[in-house]
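Asks: Fold the following and give me the result.
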Amino acid sequence: MDPTHQGPEEYGQNANDSDRSDGRRRPSRESNAADFGQPTPQQVRVVQVTVGDLLLTVNPVDGSEVEACPPGSEPDAPVRRTPAERTDHERAGAPPVPAGPPAPQLPLLERQEERERLAGLLARGRSVRLTGQAGSGRTALLDAVAADCTDLAPDGVVRLSGHRRTAADLLYGVFDAIYRAPLHRPGPEELLALVRSIGAVVVIDDLEIGGAALDGLLEATPECAFLFGTAPDLTAPGVDAHLEEVLLAGLGRSASLELLEKVVERPLTEDERNWAGDLWFESEGLPLRFVQAGSLLRQRDRLNTDPAAFDEYEYFEPRPDDAPPVPEAPTAETLDVPLPSLGEGAAPAVLLASRLSEAARETLRFTVALGGEVPHQAHLPALVGDTHADAALGELAGCGLLSPAGPRYRLAAGVLAQLEAGGYAESAAAHARTAAQHYAWWVSHPSVTPQRAVAEADAIVAAMSRLVPDGEAGQASAAVLLARSAAPALAAGMSWGAWEKALRVGQEAARIAGEVAEEAYFHHELGVLALCSGNLDRARTELETSISMRGALADKSGAVAGRRALALVADRSGGFAPPVRSQTGEEVPAVRHDLLAGTPPVGSPAPPPFARQTVEEDPTLISSLPPGPRATAPKPGGGRVLLGGARRNLAAAGAGALLVAVLGTVVTLGLTAGDPEEPGSRNVTTEQSSPEGTPEDASPADEPDEGPAPDDGAPGEEAPATPGTSASATPSTSGSPSPAPSSPDGSSPGTGEPSSTLPTEDPTSDGPSPSGKPTTPTKPPTTPPTTPPTTPPTETPTTPPTETPTEEPPPPPDTTSSASGPAESAGPSASSTADAPAQSEDPTEAAA
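Replies: The predicted model follows:
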């Protein structure tokens, strides 16, 4: 079908809709065509995976989301695979067969004793560790033993690769080989319960874990018998592992020569046998060296018969017309290509690669750039730029330069170092960047399944890892793009070991490149991964970092996803989620306040610093103290009480400030009231006298008024006082002006006499005076304004107090005050207000 034609069977349209004979123009296929009903070219792949009792939604856009599995959506229980299904699963995990003619099957020489011993130990249920040098033939021996143990265990044989795999990866690999559970990853407890019942022979090649990690793997699978292929320098397991040890040595001289003849497929000459004997002594009988030596001899035979067999023009490349003609093959008497030197036989990688095709050599350059990981043969035409480059994999495998590693190939032992020394790593950065760009495009394509991405995970991680430490411009950005594209596919493919590696490399690359948004994404994914793995502390750290970065970028959707995951972390850890500081662009939540009945209105003084704060529920909640002993009950005279709630503290502070101010005024007047010319005079002349029937304890200032404290002073701070002057008058807020008091000689205050009145203030007023100075609240006087003075003022000697009294001392008696009752029964109304006792501003006038 034409790819540009939208057929009815593909998009659900009928034949009449697809008929374009009426001349209508085809809709646009640009990126904005989605606004007009056209499907978008790029599809977002969202996959839901159950992880234990959690539901993980892999979202490539805003980041993965995790939540508790909703009721009714729990996954089905894992089902054991049938023997046929296990065989298909094992075949799918095998490396692909290289293109080209099949390679000869080499026999297993001098390994029969080790083969029988290993099979016998596994038959008794013992686990064995096969230790040998790289290139000693461990993989071939493991394949032979696995074929012998097919019927030993009820669950058959499980083949795994330990190359760059952790203990958790291997444990989940055993589970996946026996159970079928699509889109379900069991939790740690469920996994241990499932693998404990597995009875299989598990063969793991290239094991890279040891010590406590290996002990944990053996303890988790008590019904399995393991056969490990390891290097000699690997950490040995504990003594409680009960692991048998089998050492694998090199081949003997005769076996090595026999293997070399099998590779060459002809008998060896005397010179070749002598050369092979020296090689055996140099390589300690490693089979890999003789496989590579046999490839050198095959190339030599080809050069003897065809000198132009390895010229610059390859088999699939046409020879141009102006190329020099191919010389005729000389006779055997005149052509004799010498044998390789002993050094070339011990390290033959460079010499072998020089006689391969250009596509094979370019494949080796990509392999060196990826740290020894060989891309799948389907990617070689796009990477190399040759349509026949997929045949290069067969060339490399036939020369002994590759070895299988799980579902893929990698360079054989020692080949990577030889190629780097031969100059194949000079353009490694450019090749790694090309591979990263190719894989970023490939893994993002909708047709690529997560399983295919997982099969290429090692090469993908190697490509981005090669670009991170490189300081060249643009390298880190290419690594970020690849990690951003591959991470969702690896997560959906259940390869969480590779997913974690991709996230960590991507996070470091984003930090180097300065891409904050991508770095926040990687932190979020690492937090989700830690949450699904049960590492709550790590999850909290990563999620808080991601939320802070996304808050700074005003990424609300990403920050919401992070807060949801963080709330789940807090719920699982048994606590509350710690508050995250708001960043620029985030919505600041409203602050809750405790609005009590006695809370002062807006504009009232701030609460004192000793007000108690309750932080058990909310750090912003401020509550008042309980009623203290200084709080007073309502007056029987009907006066309004303003001391409620938190203002009782203010009342106590105001009363103390008023007491200090009154005492300071009395002491100042007593020291300055005498005649200036007579220093010994300390008499005080009052301007008013109380009537005869009025007791001395009925003065208006009998009790201190517990009014509000000044606005600009701290509680208990003394108001400044000037000798000989009184505080400025404050207008009443009740709307009734206070009448001016009359002087003893009948003159008004406006006639120039130095007389003043004490300030009065309505108890309901909380603000400062119009003059801007703090006012001292007092009780309003009870003397009627129309009562004229009846008796001349008397002089009452006053001495400075020797100790601080607990309440205000009574002022001098007032002769004009009425006997209408004590001052506490008077209210703030205008009908009950009177003149306050006047004080002389001039000491000489008061003495006269």
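
Asks: show me where the stretch 51-200 of the chain has helices.
Replies: 83-92, 112-123, 138-148, 167-178, 188-195 (DSSP state H, counting those that start in this stretch).

Asks: tell me the most buried of those?
Replies: helix 167-178 (a mean of 20; mean count of other C-beta atoms under 10 Å). Placement of C-beta: from N, CA and C, glycine included.

Asks: If you compare the directions of that helix and helix 83-92, what angle comes out?
Replies: On the basis of axes from the mean of the first three to the mean of the last three C-alpha atoms, to 10 degrees, helix 167-178 is oriented at 130 degrees to helix 83-92.

Asks: picking that back up, of all the helices of the stretch 51-200 of the chain, which lies closest to Arg408?
Replies: The closest of these to Arg408 is helix 83-92. By C-beta to C-beta, the value is 12.8 Å.

Asks: Run through who's touching the closest one.
Replies: Counting by C-beta atoms under 8 Å, 6 or more residues apart in numbering, helix 83-92 makes contact with Arg81, Asp155, Gly156, Val158, Arg159, Asp176, Ala177, Ile178, Arg180, Pro407, all of which sit outside it.

Asks: switch the cut-off to 6 Å
Replies: By C-beta atoms under 6 Å, 6 or more residues apart in numbering, the residues outside helix 83-92 that reach it are Gly156.

Asks: Then stretch 443-451?
Replies: Here stretch 443-451 makes contact (C-beta under 6 Å, 6+ apart) with Gln43, Ala453, Ser485, Ala486, Ala489, Ala492, Gly493.

Asks: State the pLDDT value of the first one.
Replies: Yep, that's Gln43 we're talking about. According to the prediction, Gln43 has pLDDT 59.

Asks: now swap in the last one and tell me
Replies: We have a pLDDT of 94 for Gly493.

Asks: Touching, it and Arg452? I think so.
Replies: No. The criterion here is C-beta atoms under 6 Å, and Gly493 misses it with Arg452 at 8.4 Å.

Asks: between those two, which one's more packed in?
Replies: Gly493 (21 against 15; other C-beta atoms under 10 Å).

Asks: Could you measure from the residue lying closest to that one once chain neighbours are set aside over to Ala457?
Replies: Sequence neighbours aside, Pro450 is the residue nearest to Gly493 in space, at 3.3 Å (criterion: C-beta to C-beta, 6 or more residues apart in numbering). Pro450 is 10 Å from Ala457, where distance means C-beta to C-beta, to the nearest Å.

Asks: Under the pLDDT cut-off, which ranges of this structure? List them.
Replies: Applying pLDDT under 70 to the chain flags the ranges 1-44, 307-335, 471, 575-648, 673-848.

Asks: re earlier: for Glu426, find the nearest of the helices of the stretch 51-200 of the chain.
Replies: helix 138-148 (31.2 Å).

Asks: Could you tell me which strands the helix or strand harbouring Pro404 is paired with, and in which direction each runs?
Replies: Per DSSP states H and E: Pro404 is located in strand 402-405. Using DSSP bridges, strand 402-405 pairs in its sheet with strand 408-411 (antiparallel).

Asks: tell me the contacts of Cys532?
Replies: Cys532 neighbours (C-beta under 6 Å, 6+ apart): Val51.

Asks: Can you mark which positions in whichever helix or strand it is part of are buried?
Replies: For Cys532, the element it lies in under DSSP H and E is helix 516-533. The neighbour-count check on helix 516-533 (16 or more other C-beta atoms under 10 Å) flags 518-533 as buried.

Asks: Ok, stretch 380-388 next?
Replies: Neighbour-count burial for stretch 380-388, counted by 16+ other C-beta under 10 Å, picks out Leu380, Pro381, Ala382, Leu383, Val384, Asp386, His388.

Asks: One more: stretch 338-353?
Replies: Using 16+ other C-beta under 10 Å as the test for burial, stretch 338-353 gives Leu339, Pro340, Gly345, Ala346, Ala347, Pro348, Ala349, Val350, Leu351, Leu352, Ala353.

Asks: Among these, which one sits closest to Gln418?
Replies: Closest approach to Gln418 among the buried residues of stretch 338-353 (C-beta to C-beta): Ala349, at 3.8 Å.

Asks: Now Ala561: phi and psi?
Replies: Ala561 adopts backbone torsions of phi -60, psi -40, taken as degrees, to the nearest 10.

Asks: List the residues that contact it.
Replies: Ala561 neighbours (C-beta under 6 Å, 6+ apart): Asp62, Gly63, Glu65.

Asks: go with 7 Å
Replies: Ala561 is in contact with Asp62, Gly63, Glu65, His524, counting by C-beta atoms under 7 Å, 6 or more residues apart in numbering.

Asks: wait, the third one sits on Asn59?
Replies: Yes. The pair formed by Glu65 and Asn59 meets the contact definition of C-beta atoms under 7 Å, at 6.1 Å.
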